[in-house]
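# Starting from these lines, generate the structure:
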Amino acid sequence: RFYASEYNLMTGNGGIGTTGPDAKLNVYGTVGSGVLTPQEDLLHVGGNELGGVGGYAGIKIGGTLAGQYSNYIRSVKTLSFGNYWNSALTFNVTRTSTETTVDEAMRITSAGNVGIGTTTPSNLLDIYSSTAAIASFSGGATKGEWSMGYDVTNNRFAIASSTSITSNVRMVIDNQGNVG
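Now for the predicted structure:
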C-alpha cells in the first residue's frame, strides 16, 4: 500500500511501508527477523546529488542505516563532453565479515568493456587480482573443476585441473613465451 502520508512534499521522497522516506523511493518490508527496521530496508532508489564526475544515481538493496549491509547497482558519471556525460554501470557489494566495507565488484563502461576487480577495464573483459586472476570451469560437485588464469606470483599463465592455478597444473606459458 502507498499512503499519502508516505510522500514528503518538502523533499520529493516517497516510501512504501514507511512514513519517513529518506530517498526518492524507499520500499520497506519484513525480511529475515520478521521485524520492520531500517537495517532491513528492501529497496532504496536515489543518488548522491553530485553534479560532476563521480555523481551517481542507483538502487541500494539492503539496509539504509550507516554501517549496515547493502548492495548497490549504480550509474556513475565518468567523463564530460560539454553537456553530455559518459557513464558506467557499477555493481557494489558489502565484503564478507564486515558491515561497512562496500567495494565495487564489477563495472561496465560506456564502451561496453566489463571489469571484474578493476574500475578501468581496457578490453571487452578484464579480470584483475593482485595475486591470481582466475576463471574456473566446473561440471558439478562430482565432476571436478578446471581453472585457468594469470599467476601473478610466478608471472605466468596456467591451466590446472583444480580450483587453483598453482596446484595440479597441466600447462604453463611463462613470461618468455615458453610452454610447459
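
# Might you list the low-confidence residue ranges for this protein?
By pLDDT under 70, the low-scoring segments of the chain are 1-11, 29-44, 48-52, 63-69, 81-84, 96-100.

# gap between the two ends of stretch 110-130?
End-to-end distance for stretch 110-130: 25 Å, by CA to CA, to the nearest Å.

# Would you mark the buried spots in it?
113, 114, 115, 116, 117, 118, 121, 126, 127 (16 or more other CB atoms under 10 Å). Any C-beta I mention is one placed from the backbone N, CA and C, and that applies to glycine too.

# Which members of the residues you listed are the farthest-apart pair?
113 and 117 (13.3 Å; CB to CB).

# on that earlier part again, among the buried residues of stretch 110-130, which ones are in strands?
Per DSSP state E, strands hold the following members of the buried residues of stretch 110-130: 114, 115, 116, 126, 127.

# closest to residue 173 among those?
Using CB to CB, these come closest to residue 173 at residue 127, 16.7 Å.

# Surely that closest one and residue 148 touch.
No: contact criterion CB atoms under 8 Å: residue 127 and residue 148 do not qualify, at 10.9 Å.

# Can you check which residues contact both of the two?
Here residue 127 and residue 148 have 134, 135 as joint contacts, going by CB atoms under 8 Å, 6 or more residues apart in numbering.

# The helix or strand hosting residue 103 pairs with which strands, and in what direction?
Residue 103 belongs to strand 102-108 when assigned by DSSP states H and E. In the sheet, strand 102-108 lines up against strand 84-94 (antiparallel), strand 114-116 (antiparallel) (DSSP bridges).

# For these, give me TSV that also has distance to residue 180.
Shown next, in TSV, are the strands paired with strand 102-108 (distance: least, CB to CB, whole Å):
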stretch	distance to residue 180
strand 84-94	37
strand 114-116	28
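
# Could you look over those strands and pick the most buried one?
Of all the strands paired with strand 102-108, strand 114-116 has the most neighbours on average by mean count of other CB atoms under 10 Å, namely a mean of 18.

# distance of the residue lying closest to residue 118 once chain neighbours are set aside from residue 134?
Distances taken as CB to CB, 6 or more residues apart in numbering put residue 128 closest to residue 118, at 3.9 Å, once the chain neighbours are dropped. Using CB to CB, to the nearest Å, residue 128 is found at 11 Å from residue 134.

# And residue 101, by the same measure?
22 Å.

# who's more crowded, these two?
Under the criterion of other CB atoms under 10 Å, the comparison of residue 101 against residue 134 puts residue 134 first, with 18 against 10.

# any idea where the strands of the protein begin and end?
Using DSSP E, strands in the chain cover 7-8, 13-16, 25-28, 41-47, 56-62, 70-81, 84-94, 102-108, 114-116, 125-127, 132-138, 145-151, 156-160, 169-174.
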